[in-house]
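Q: need coordinates for the following:
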Amino acid sequence: MNWWVHETSDPLHWDVDGLGIIDPRQFQHIIDLIEPLQEYGLQNEIVDDAFYSFGIDNVEKDKTVLLKRVQDSILESEDPLFALPDVLDEDKGPYADFLDHITKLRIKMLNDLIDFSQTLTVEELEEDIREQQNGDYMEGRATHFFSEICAILEYVPEGFELEEDDSGQKSEEDEIEKDFGDIGADEEADEKIEEDDTMKWDEDEEEDDDYEETTTPPDEDDDAKR
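A: Residues are numbered from 1 along each chain as shown. Now for the predicted structure:
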């Protein structure tokens, strides 16, 4: 489900070769992962500044999606937005600051929750992740930004477990249940009404009318690119 940028309207500043973009569901998962870091000093402005936000402008027949830049905060917007990391300056830009910030906080949290014989360091985390990325590179796979971020936020040294870690990966069923929670809530409310003996329902046609506007989630197996 990783999305890759096919072309941009700003070819002078962006290299689209291997340029990934984070979709709304992936970004929500990132927000869930960084939530435990709030008590360790997470600065939301660093997270917000690290990404350009985009909304869907059009979907082509070949499933290519045209995105349009919006000025909404990626953290505060109520609309589902795509997040493009600001990597115009890979070493010193806002996205690099974001990675550095969450790396330090993840190490701080791990040292707080796990009794290591020696204090875990940022260098150890970075070395482990670098080995994974080098392995992908040798196999001809580009590391997507979503994978890069999750590798940091889900990092636990080999041989250790973090039982209190709320940042574990959610199953696909959990994600779907969360995305369509409002629909489920409506259905539950209708079921409670039906169980009330004081209420009378005429025929199944009336029940069908209550649900004729329900929507179907998109097929996640379709391939798409930007």
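
Q: ok, residue 132 touching residue 151?
A: Yes. Judged on CB atoms under 8 Å, residue 132 makes contact with residue 151 at a distance of 6.5 Å. C-betas here are computed from N, CA, C, even on glycine.

Q: tell me the buried residues in the longest strand along the chain?
A: Longest strand of the chain, by residue count under DSSP state E: strand 51-59. Neighbour-count burial for strand 51-59 flags 51-54 (criterion: 16 or more other CB atoms under 10 Å).

Q: any idea how many residues pack against the nearest residue to residue 143 once chain neighbours are set aside?
A: The spatial neighbour of residue 143 that comes closest, neighbours along the chain excluded (CB to CB, 6 or more residues apart in numbering), is residue 133 at 5.0 Å. Neighbours of residue 133 under the rule other CB atoms under 10 Å: 15.

Q: model confidence score at residue 89, please.
A: For residue 89, the model assigns a pLDDT of 82.

Q: element containing the residue lying closest to it once chain neighbours are set aside, please.
A: Of all residues not flanking residue 89 in the chain, residue 96 sits nearest, at 7.3 Å (CB to CB, 6+ apart). Using DSSP states H and E, residue 96 falls within helix 94-113.

Q: low-scoring stretches of this protein, by residue?
A: 164-226 (pLDDT under 70).

Q: so which residues of it form strands?
A: Under DSSP E, the chain gives strands at 3-4, 20-21, 51-59, 65-70, 82-85.

Q: give me the contacts around the third one.
A: Counting by CB atoms under 8 Å, 6 or more residues apart in numbering, strand 51-59 makes contact with 21-22, 27, 65-74, 77, 79-86, 95, all of which sit outside it.

Q: try the second one
A: With contacts defined as CB under 8 Å, 6+ apart, strand 20-21 is touched by 2-5, 54, 67, 82-84, 142, 144-146, 226.

Q: that strand pairs with which strands, parallel or anti?
A: Strand 20-21 has the following sheet partners, assigned by DSSP bridges: strand 3-4 (antiparallel).

Q: re the thing from before, can you put the strands of the chain in a markdown table and add distance to residue 120?
A: Converted to a markdown table, the strands of the chain look like this (distance: least, CB to CB, whole Å):
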| stretch | distance to residue 120 |
| --- | --- |
| strand 3-4 | 33 |
| strand 20-21 | 28 |
| strand 51-59 | 28 |
| strand 65-70 | 38 |
| strand 82-85 | 26 |
